[in-house]
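Peer 1: Output the structure for:
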Amino acid sequence: IDTCAKIGIRLICESTVNQFPSYLYNNQYICNALISMWGKAGLVKNAQQIFESVDQPDVITYNAMINAYGKNRMGLEAVDLYRKMPNSLRNEISYICILNACSHSGLLDEAYSIFNEISHKTQQVITTMVDCLSRLFLFDEAKQLIEDYEKCNAPYSVMYMALLSGARNSRQSQLSQEIHKRMQLLFPNEKNHLISASILLCNISSALGDHEEAQALRLDRIKEFGNKVKVGLSWTEVNGEVEQFTAHDQSHPRSKEIYAEAQRISAELIKYGDVHDASWITRPLGEHETVESVLCSHSERLAIAFNFIEGRKPSFIQITKNLRVCGDCHQATKLIAKIRQVEIVLTKPTKPVIVSPIQKILSSCSSNRHSIFDSDATRFLFNNIKIKRKYRQ
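Peer 2: Numbers count the residues shown, from 1 in each chain. Coordinates of the predicted model:
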């Protein structure tokens, strides 16, 4: 079940669970795991059904359901369930789950209310609140929370990454530089976080059109940490087969059809008033490139286009990614769902973004950047379903 949750593809989750004997549903550990899995796959109704079937929910049951709501931007439902949860059952994970749910649903008042009720605020709880404030661009409040924490504790790099991520989303160049410099001073040995911080800072410069500064930052990062960069991948399941795409992928035997469909979709988006957001392009354009051609060649856009050339019109599309969805693709996907009247689920492992034809958006923002193929169990499961081709990584 945990492996299915990490993959997040509904077909795999459903086909696996359908093989379970009915008596397993009497096991609360199984039910707790299923609630978590369905939440990560974006099927909240399934998670609710399991939760309601449990006679005496324990702390894990409540936390799993609250987290399922939070990951699907159902913050009000998460708060309602949290309020119904017995006080004696609440623990640090409960606080993190509910604050995260408030964060991803923009429920600032609810987050503050719950945060102030917590008597013992741990490092992780405070970090989650910093993330909540940063997502809402309340940087002064977030920085004050960090300062108060550091009066009695050692600095924590994840708090600064949450702050920097919010600054990137709001394109606050000066604030981002300040945070990055402070991270270099405070955490000189935390290579992974410094690399991530440098990438975010580089992306901000590119978003603001300062490609020379972005290139300088990129060269400094390569000089200090090397040139190892995680390749963005997207997977989609069509007719029982899983296809994999990279950005600007030309290796598919039907590439011409895929790019033609991507162009048709782009024309429809423009007709409906969509404007491509060049700030999400993190490098200078090539000689024969345009803003449209670069953004429409992102791996998730190619995967969506592939679904539309495979026989009859789909009513449901699921894309699984190993990295975050860029802002332009997120907005484009909402409009594609509306124009083409199809439900689209963009899933980063443990992070579903569900888009319905009426633009009902459900999302969460996990920072987990591991590939869904990292575990032996995941590889085994994928080897037992049809994977049409393996693309270069």
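
Peer 1: List the contacts of the residue nearest to Ala207 when sequence neighbours are not counted.
Peer 2: Spatial nearest neighbour of Ala207, excluding adjacent residues (C-beta to C-beta, 6 or more residues apart in numbering): Ser279 at 3.8 Å. Where you see a C-beta, it was placed from the backbone N, CA and C, and this is true even at glycine. Ser279 sits next to Arg171, Ser206, Ala207, Leu208, Gly327 when contact means C-beta atoms under 8 Å, 6 or more residues apart in numbering.

Peer 1: Out of these, which end up buried?
Peer 2: Ser206, Ala207 (16 or more other C-beta atoms under 10 Å).

Peer 1: With pLDDT as extra columns, can I get the contacts of Ser279 in a markdown table?
Peer 2: Shown next, in a markdown table, are the contacts of Ser279 (pLDDT from 0 to 100):
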| residue | pLDDT |
| --- | --- |
| Arg171 | 84 |
| Ser206 | 75 |
| Ala207 | 75 |
| Leu208 | 77 |
| Gly327 | 84 |
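
Peer 1: Could I get the contacts of Ser279 in a markdown table, plus columns for secondary structure and distance to Ala247?
Peer 2: Below are the contacts of Ser279 laid out as a markdown table (DSSP: H, G, I helix; E, B strand; the rest coil; distance: C-beta to C-beta, whole Å):
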| residue | secondary structure | distance to Ala247 |
| --- | --- | --- |
| Arg171 | coil | 22 |
| Ser206 | helix | 15 |
| Ala207 | helix | 17 |
| Leu208 | coil | 22 |
| Gly327 | helix | 15 |
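
Peer 1: returning to what we had before: what about the residue nearest to Ala207, which SS state?
Peer 2: Here Ser279 is recorded as helix under DSSP: H, G, I helix; E, B strand; the rest coil.

Peer 1: What pLDDT does the model give it?
Peer 2: We have a pLDDT of 77 for Ser279.

Peer 1: Please apply the same query to Ala197.
Peer 2: Note for Ala197: predicted pLDDT of 85.

Peer 1: Next, the contact list for the closest residue in space to Leu24 that isn't next to it in sequence, please.
Peer 2: In this structure, Leu24 finds its nearest non-sequential neighbour in Ile30, 5.0 Å apart by C-beta to C-beta, 6+ apart. By C-beta under 8 Å, 6+ apart, the contact list for Ile30 reads Ile1, Phe20, Leu24.

Peer 1: Please report the distance of Ile30 from Ile1.
Peer 2: Ile30 is 7 Å from Ile1, where distance means C-beta to C-beta, to the nearest Å.

Peer 1: Poorly predicted segments of the stretch 251-393 of the chain, please.
Peer 2: Within the stretch 251-393 of the chain, the segments meeting pLDDT under 70 span 348-393.

Peer 1: What distance do you get for the residue in the chain sticking out farthest from the centre to Thr3?
Peer 2: In the chain, Tyr23 marks the outermost C-alpha relative to the chain mean, sitting 33.9 Å out by C-alpha atoms, centre = their mean. When C-beta to C-beta is the yardstick, Tyr23 and Thr3 sit 21 Å from each other.

Peer 1: just Cys132 next, same as before
Peer 2: 30 Å.

Peer 1: Between the two, which has more neighbouring residues?
Peer 2: Using other C-beta atoms under 10 Å as the criterion, Cys132 and Thr3 rank with Cys132 on top: 29 against 19.

Peer 1: isn't the more buried one right up against Ile98?
Peer 2: No - between Cys132 and Ile98 there is no contact under C-beta atoms under 8 Å: 10.6 Å.

Peer 1: between those two, what contacts are shared?
Peer 2: When C-beta under 8 Å, 6+ apart defines a contact, no residue borders Cys132 and Ile98 alike.

Peer 1: Please, which helix or strand holds the residue nearest to Leu24?
Peer 2: Using DSSP states H and E, Ile30 maps to helix 28-41.

Peer 1: Kindly export that helix (C-alpha atoms) in CSV.
Peer 2: The C-alpha trace of helix 28-41 is given here as CSV (Å, rounded to 0.1, in the frame of the first residue of the first chain):
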residue,chain,number,x,y,z
GLN,A,28,-7.1,-0.9,11.4
TYR,A,29,-3.4,-0.7,10.3
ILE,A,30,-4.5,-1.6,6.8
CYS,A,31,-7.3,1.0,6.9
ASN,A,32,-4.9,3.7,8.1
ALA,A,33,-2.5,3.0,5.2
LEU,A,34,-5.4,3.0,2.7
ILE,A,35,-6.6,6.4,3.9
SER,A,36,-3.1,7.8,3.3
MET,A,37,-2.8,6.1,-0.1
TRP,A,38,-6.2,7.4,-1.4
GLY,A,39,-5.4,10.8,-0.2
LYS,A,40,-2.1,10.8,-2.1
ALA,A,41,-3.8,9.5,-5.2
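
Peer 1: residues of it that come out buried?
Peer 2: Buried residues in helix 28-41 (16+ other C-beta under 10 Å): Ile30, Cys31, Asn32, Ala33, Leu34, Ile35, Ser36, Met37, Trp38, Gly39, Lys40, Ala41.

Peer 1: Return the residues in contact with the second one.
Peer 2: This points to Cys31. Contacts of Cys31 by C-beta under 8 Å, 6+ apart are Tyr25, Ile50, Phe51, Ser53, Val54, Thr61.
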